[in-house]
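Colleague: Sequence plus the predicted model coming up.
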Amino acid sequence: QVHLVESGGGLVQTGGSLRLSCAASVRAFSTYSMGWFHQAPGKEREFVSAIDWSGDTTYYADSVKGRFTISRDSASNTVYLQMNNLKPEDTGVYYCAARYSSPSYYVRDYDYWGQGTQVTVSS
């Protein structure tokens with residue numbers, strides 16, 4: 001069983017930055033790929049970024065390339081999402097997810113989810 005807890009969300013102005021954290025309670029954190037997903041109000045959850053078990057390979061949605069950076073720290077069982085140059089369309093709930101396999105762009109492929117953290121970007 002994997003328990004994920006996100007933190008770091010908040011209210012920020014356009015162009016600002018936030019760093020999201022996802023703490024994982026799991027014995028073999030390094031065997032899981034991790035992903036971040038975004039759900040805007042009234043919309044479906046969508047892929048933002050993912051990182052493989054080693055941290056060597058990362059993936060990004062086109063909308064966040066060059067602005068967001070995903071990373072992981074196996075010592076603390078934590079995955080991070082550094083979000084820079086935030087835009088109003090980045091507003092929504094950000095979810096951390098874990099997958100006991102290679103990274104995926106699809107919600108349906110992830111095995112475990114956190115409760116989400118709210119990000120609000122004001123214009």
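Modeller: Arrived safely.
Colleague: Closest to the centroid, which residue in this protein?
Modeller: Among the residues of the chain, the one closest to the centroid is Trp36, at 2.4 Å (CA atoms, centre = their mean).
Colleague: Which of the helices or strands spans it?
Modeller: Assigned by DSSP states H and E, Trp36 belongs to strand 33-39.
Colleague: That strand pairs with which strands, parallel or anti?
Modeller: Applying DSSP bridges to the sheet, strand 33-39 is found paired with strand 46-51 (antiparallel), strand 92-99 (antiparallel).
Colleague: List the contacts of the last one.
Modeller: Right, the one you point to is strand 92-99. The contact list for strand 92-99, computed with CB atoms under 8 Å, 6 or more residues apart in numbering, reads 2, 4, 6, 9, 20, 22, 24, 26, 32-41, 43, 45, 48, 79, 81, 107, 109-119. Where C-beta positions appear, they are placed from N, C-alpha and C, glycine not excepted.
Colleague: thought Trp113 was touching Val5?
Modeller: No. Trp113 lies out of contact with Val5 (CB atoms under 8 Å); the separation is 10.9 Å.
Colleague: between these two, which one's more packed in?
Modeller: Trp113 (17 against 14; other CB atoms under 10 Å).
Colleague: and the more buried one, what is it in contact with?
Modeller: Trp113 is in contact with Leu4, Tyr95, Cys96, Ala97, Ala98, counting by CB under 8 Å, 6+ apart.
Colleague: so which of those is the most crowded?
Modeller: Cys96 (28 neighbours).
Colleague: Near the nearest residue to Asp90 once chain neighbours are set aside, how many residues? Count them for me, please.
Modeller: For Asp90, ignoring the flanking residues on the chain, the nearest one in space by CB to CB, 6 or more residues apart in numbering is Val121 at 5.1 Å. The number of residues packed near Val121 is 20, by other CB under 10 Å.
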